[in-house]
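In: Let me see the structure of the following:
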Amino acid sequence: MSQAEPTRIEPLPRPLCGSIRVPGDKSISHRAVLFSAMAQGTSRVRGLLDSKDVRASIGAVSALGAKVDLEKQPDGSLAGEIRGWGEEGPAQPQEPIDCANSGTTARLLMGVLAPWPIRVTLTGDDSLRGRPMRRITAPLMKMGAQFEPAGSETLPITIIGDRDLKAVSYESPMASAQLKTAVLLAGLGAEGETMVTEPAISRNHTELMLPEYGATTTAGERTASVEGPCTLQATEVLVPGDPSSAAFAVCAAMMKRGSQIQVDNVSLNTARIGFTRTLERMGADIELIHKGSAGKEPYGSIHARYSDHLVGCEVPADKIASVIDEIPVLALVAAHAHGVTVFRDVAELKVKESNRLQATKEGLLSLGVECWTHGEDLFIQGDPDLHVPEGIVFDSRGDHRLAMTWALVGLCHNAGVEVTDFACTAVSFPDFLDTLQGAC
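Out: Below you'll find the predicted structure:
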């Protein structure tokens, strides 16, 4: 169990109600920082998530020569200017770049750096150094980038870029927006069309954002391509709220009797709101209200009301990529449903910030919920009368999404719980607890 001092989470005194906002989308924030750093000129960004993960990207591009001038706003977001290195390319950093806990920072940076003749060592914390990187280095090596040590599966890794990078047509073995983005960013420095084809749909923020920076892209349901060589041009970016953070408020409303909540100014990108479709199939009362677009990113509000008769459902393998970050909290909701819920082919959960598959099973079992795996599938036998025993201590494993999931057990049920290393929520949702406690 984690050695961090546990945080006590007590039940909310009343149902959740009214309107809340969640921090800026983490995926879009990373891309806004990285793409602006690559661009010629000065980009203006607003609504940027101020979290440990995004600050890892800010620190990385600063070390590579971008000029970052961002200030904290009254709503907790970051806004300001980023002047990119453009045609000159990134500068040789003086020391390894620490990506902290951010897989997005490390993996996307490999694609950013691949077309430039510099040597950059990427490293991170203990968790990140255990996460798989071969899925990124393999296609980039096909394009001409080199990595040391050769064949390394994990960080630290040194990338040696190549100005003569070759365009590729890459058949990805998995649906991964990080893999896809790394290859496309490298393709911006290659001659001709670089294309990625995936076995299932993944997040499409890169395909939506790159044209805003002047890149020529095409996108199908499972394919995306860029034309290179291309130097990105500065632009303006408004980052909407993060649907993965909104999922915790929505799922809390599903479990806290009498709740009715509205999450405003949140991204409604169809590749990111798979959790709402899963909850709807379980019988949840959810409504999406589209308000507009930030660039090509749709945004609006999510309305959620307590549902007293949830039923189990099956989430097929081709939909898992659209809910991968929300599976732990969806599994908690499934624990309250009538019947069995099945998440198919969830092996990717094992290589997130922690082994989320094992952690989810262990947490639910401690609540007395029947759950099991068969092959790579996760099964949960729901109990609509779920009663939380006194004295439970959940191990977050330093994983922000697990910490928030187990906090909902304490917030939405009859008994308080303790969660170790709860401060790790700062990775994506620094004010998570205050936001939910303030909504009742």
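
In: what are the ranges of the helices in the chain?
Out: Applying DSSP state H to the chain gives helices spanning 26-38, 52-63, 103-113, 134-143, 177-187, 205-209, 243-255, 274-281, 327-334, 356-366, 400-412, 432-437.

In: Let me know which of the ones you listed is the nearest to Thr420.
Out: Among those, the nearest to Thr420 by C-beta to C-beta is helix 400-412 (8.2 Å). Where C-beta positions appear, they are placed from N, C-alpha and C, glycine not excepted.

In: In contact with Arg397, which residues?
Out: 2, 353-355, 359, 421 (C-beta atoms under 8 Å, 6 or more residues apart in numbering).

In: let's see it at 10 Å
Out: Neighbour list for Arg397: 1-2, 127, 352-356, 358-359, 362, 403, 420-421, 424 [criterion: C-beta atoms under 10 Å, 6 or more residues apart in numbering].

In: Check Leu386 too.
Out: Leu386 touches 255, 332, 335-337, 364, 367-369, 409, 413-414, counting by C-beta under 10 Å, 6+ apart.

In: so how far is Val409 from it?
Out: Using C-beta to C-beta, to the nearest Å, Leu386 is found at 9 Å from Val409.

In: pLDDT below threshold where in the stretch 51-200 of the chain?
Out: Counting by pLDDT under 70, the stretch 51-200 of the chain shows no low-confidence range.

In: now the closest residue to Ser172 other than its chain neighbours: how far from Val342?
Out: Nearest residue to Ser172 in three dimensions, chain neighbours excluded: Glu198, at 4.8 Å (C-beta to C-beta, 6 or more residues apart in numbering). Relative to Val342, Glu198 is positioned 23 Å away (C-beta to C-beta).

In: Neighbour count for those two, which is higher?
Out: Set side by side, Glu198 and Val342 show more neighbours around Glu198, with 21 against 16, by other C-beta atoms under 10 Å.

In: give the contact list for the more buried one.
Out: 170-177, 179-180, 221-224, 321.

In: Nearest to Tyr299 among these?
Out: Ala177 (18.5 Å).

In: Tell me who's in contact with the closest residue to the closest one other than its chain neighbours.
Out: Distances taken as C-beta to C-beta, 6+ apart place Arg203 nearest to Ala177, at 3.8 Å, with adjacent residues excluded. Arg203 sits next to 27-28, 175-178, 180-181, 269, 271-272, 321-322, 324-325 when contact means C-beta under 10 Å, 6+ apart.

In: Which among those residues count as buried?
Out: Neighbour counting over those (16 or more other C-beta atoms under 10 Å) leaves 27-28, 175-178, 180-181, 269, 271-272, 321-322, 324-325 as the buried ones.

In: List just the nearest of these to Cys440.
Out: Once C-beta to C-beta is applied, the member of the buried ones among the contacts of Arg203 that ends up nearest Cys440 is Asp325, at 24.8 Å.

In: Identify the residues contacting the closest one.
Out: So Asp325 contacts 26-27, 203, 242-245, 247, 272, 274-275, 349, 352, 356, 400-401, 428 (C-beta under 10 Å, 6+ apart).

In: how far away is it from Gly241?
Out: 15 Å.

In: same question, Leu386
Out: From Leu386 over to Gly241 (counting by C-beta to C-beta), the distance is 29 Å.

In: Stretch 34-50: end-to-end distance?
Out: 15 Å (C-alpha to C-alpha, to the nearest Å).

In: Let me see the mean pLDDT of it.
Out: For stretch 34-50, mean pLDDT rounds to 98.

In: Can you give the distance of it from its chain's centre?
Out: 18 Å (C-alpha atoms, centre = their mean, to the nearest Å).

In: Also stretch 397-415?
Out: How far stretch 397-415 lies from its chain's middle: 18 Å, per C-alpha atoms, centre = their mean.

In: got the buried residues for that stretch?
Out: Neighbour count says stretch 397-415 has 397-413 buried, by 16+ other C-beta under 10 Å.

In: before we move on, the earlier item: write the PyMOL selection for whichever of the contacts of Arg397 are buried.
Out: The buried residues among the contacts of Arg397 can be selected in PyMOL (16+ other C-beta under 10 Å) with this line:
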select buried, resi 2+127+352+353+354+355+356+359+403+420+421+424
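
In: Among the contacts of Arg397, find the lowest-pLDDT one for me.
Out: Model confidence across the contacts of Arg397 bottoms out at Met1, which has 38.

In: For Leu208, which non-adjacent residue is spatially closest?
Out: Lys296 (4.2 Å).

In: What's the local residue count around the one you found?
Out: By other C-beta under 10 Å, the residues close to Lys296 number 13.

In: same thing with Pro74?
Out: 5.

In: Could you measure from it over to Arg272?
Out: Separation of Pro74 from Arg272 (C-beta to C-beta): 26 Å.

In: same question, Met255
Out: Counting by C-beta to C-beta, the gap from Met255 to Arg272 is 22 Å.

In: how about stretch 304-314: buried residues?
Out: For stretch 304-314, a neighbour-count test (16+ other C-beta under 10 Å) marks 304-307, 310-313 as buried.

In: Export only the CA atoms of that stretch, formatted as PDB.
Out: The C-alpha coordinates for stretch 304-314 follow below in PDB (Å, rounded to 0.1, in the frame of the first residue of the first chain):
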ATOM      1  CA  ALA A 304     -27.100  14.300 -15.300                       C
ATOM      2  CA  ARG A 305     -29.800  13.200 -12.900                       C
ATOM      3  CA  TYR A 306     -29.800  10.400 -10.300                       C
ATOM      4  CA  SER A 307     -31.100   7.200 -11.700                       C
ATOM      5  CA  ASP A 308     -32.600   4.600  -9.400                       C
ATOM      6  CA  HIS A 309     -32.700   1.700 -11.800                       C
ATOM      7  CA  LEU A 310     -29.400   1.200 -13.600                       C
ATOM      8  CA  VAL A 311     -28.900  -2.000 -15.500                       C
ATOM      9  CA  GLY A 312     -25.700  -3.700 -16.500                       C
ATOM     10  CA  CYS A 313     -24.500  -3.500 -20.100                       C
ATOM     11  CA  GLU A 314     -21.700  -4.700 -22.400                       C
END
